[in-house]
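Visitor: dropping a prediction and its sequence here:
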Amino acid sequence: MQTLIDKAMIASRYLLVVFFGGILVALAIYALGFLKKLWKFATSVGDVADNQTLLDLLHLVDSALVASLVVMVAISSYDNLVSRLTPKDGDQEAGWLAAVDQGNLKLKLATALVAISSIHLLQIFMEIGNYDDRAVTWGLAIHAMFLAGVLVLGVVDRVTAAAKKAAKG
């Protein structure tokens, strides 16, 4: 009986494929929205002020960072939780996945969130007249918390790596 339960628990990881597939479908829909924003940006670039052009460009960069974040989570999580994505002989396409462990993924995700938060803060600063002091303060506080989180994750990652290295040596 225990063996059957163990096999069922291990097989349940394949249910995650539904979620990762759903994330990829959502990403495709998000890509369509990006193309719409890109078209609007391209057709209005000469008609708007430089400040607005920069803000629109920042929105595109923000979209690219969010999409990268989604891909990173989907691929790394699939590789770590469902099935290893190992490169075939001579194929370098999935080789980078071997270097992405859970700690590394957390640090990359946190860094991407800081980058996205930085873009949002820059957008606020460029249109500071449209925001009250409370909104600016909250934006800064949230960004500071993201930064603190990245620093803590970085320190934990470094301490963990040093402890692993000491245990081996």
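Guide: Good, I have the coordinates.

Visitor: which pLDDT value goes with Phe125?
Guide: pLDDT for Phe125: 90.

Visitor: quick one, domains of this structure?
Guide: Per automatic domain parsing, the domain ranges recorded for the chain read 1-100, 101-169.

Visitor: mind putting those domains in a markdown table, mean neighbour count included?
Guide: Every C-beta, even on glycine, is put in place using the N, C-alpha and C of the backbone. Output for the domains of the chain, formatted as a markdown table (neighbours: other CB atoms under 10 Å):
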| stretch | mean neighbour count |
| --- | --- |
| domain 1-100 | 12 |
| domain 101-169 | 13 |
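
Visitor: of all those, which has the lowest average per-residue confidence?
Guide: Among the domains of the chain, domain 1-100 scores lowest, at a mean of 84.

Visitor: and the residue of the chain positioned farthest from its centre, how far from Phe20?
Guide: Farthest-out residue of the chain from its mean C-alpha position, per CA atoms, centre = their mean: Met1, at 40.8 Å. Going from Met1 to Phe20 by CB to CB, to the nearest Å gives 31 Å.

Visitor: next up, the contacts around Leu81.
Guide: 13, 16 (CB atoms under 8 Å, 6 or more residues apart in numbering).

Visitor: try it again with 10 Å
Guide: Leu81 makes contacts with 13-14, 16-17, 20, 102, as judged by CB atoms under 10 Å, 6 or more residues apart in numbering.

Visitor: for these, which one is nearest Val136?
Guide: When those are compared for distance to Val136 (CB to CB), Gln102 wins out at 35.1 Å.

Visitor: nearest residue to the residue most central in space within the chain in space, please, no chain neighbours.
Guide: Residue closest to the average C-alpha location in the chain (CA atoms, centre = their mean): Leu69, at 2.1 Å. Ranked by CB to CB, 6 or more residues apart in numbering and with sequence neighbours excluded, the top spatial neighbour of Leu69 is Ala112, at 4.7 Å.

Visitor: my read: that neighbour touches Gly149, true?
Guide: No. Using CB atoms under 10 Å, Ala112 is not in contact with Gly149, being 12.0 Å away.

Visitor: all helices of this structure, in order?
Guide: Per DSSP state H, the chain has helices spanning 2-11, 16-44, 50-77, 102-126, 133-168. These are given in chain order.
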